[in-house]
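> can't give you the sequence, but here's the structure:
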């Protein structure tokens, strides 16, 4: 089975097309959302219903409807709904496209919350335009809007990295190494000792740092990652459930079922119906 790259999210953006990825997400589960990962492109979220907590390299932010929130490049982040139903817009802007126009935002840090009404207006224009039926003007309009939005961010939301310690790197790099190692070895028998020895760091310090950054224990993250891989196999293969359990690193099928039910509120077998 091919290992997932969900921990480092690779955005596939056509360099000759629209420099944006957009999705509208509905989370029908309090405590649902997405687990810790990072990517090179800037991501801008707006909750439209409900509320959520988002952690950026361990710093917690609370999102309510109409908040416009920036996730900076290369920052570990995870999102948890704090309402029974939470919906949000997400716009991702291609860093390579912006660099071509002299706006290399990857090494920059922007303030997470956007207050400037001009930025909010452009964001709403992007969402409106990208959800319209495509025509021969849409691509050009979206390119222009993406550049205008990033230029506004440089004008009003650019921060000094030295004054934004949660975005600075050594601790985040250790957590990234941990997540990467888990993603490459989740199908094996894996312990916290194994991970700490691989990274060459005290297991007690690693556990503390991982929890502080992701708001999950290493074991909780590992079990969730394994369950997500199992769900892909349950939906896209005919392998027996016990075999899927073993392939995804669960040595005990009942322990797999317990974790799967806790995460998805259903039994693994229900994915086959």
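Ah, there it is. Being a predicted model, the structure only gives us computed values, none of them experimental.
> what's around the closest residue to residue 174 other than its chain neighbours, how many residues?
Nearest residue to residue 174, sequence neighbours excluded (C-beta to C-beta, 6 or more residues apart in numbering): residue 209, at 5.9 Å. C-betas here are computed from N, CA, C, even on glycine. When neighbours are counted by other C-beta atoms under 10 Å, residue 209 registers 20.
> what helix or strand is residue 209 on?
Here residue 209 sits within helix 203-214, counting by DSSP states H and E.
> list the helices and strands the next helix or strand after that helix packs on?
For helix 203-214, the following helix or strand on the C-terminal side (DSSP H and E) is helix 218-236. Counting contacts by 3 or more C-beta pairs under 8 Å, 6 or more residues apart in numbering; DSSP states H and E, helix 218-236 is packed against strand 33-37, helix 170-185, helix 192-199, helix 203-214, helix 241-247, helix 253-264.
> looking at the ones you listed, which is closest to residue 98?
Closest approach to residue 98 among the helices and strands packed on helix 218-236 is made by strand 33-37 (21.1 Å; C-beta to C-beta).
> buried residues in the closest one?
By 16 or more other C-beta atoms under 10 Å, the buried positions in strand 33-37 come out as 33, 35-37.
> same question, stretch 24-41
By 16+ other C-beta under 10 Å, the buried positions in stretch 24-41 come out as 25, 27, 32-33, 35-39, 41.
> and stretch 197-213, by the same measure?
Buried residues in stretch 197-213, counted by 16+ other C-beta under 10 Å: 199, 203, 206-207, 209-211, 213.
> try stretch 254-261
Using 16+ other C-beta under 10 Å as the test for burial, stretch 254-261 gives 256-257, 259-260.
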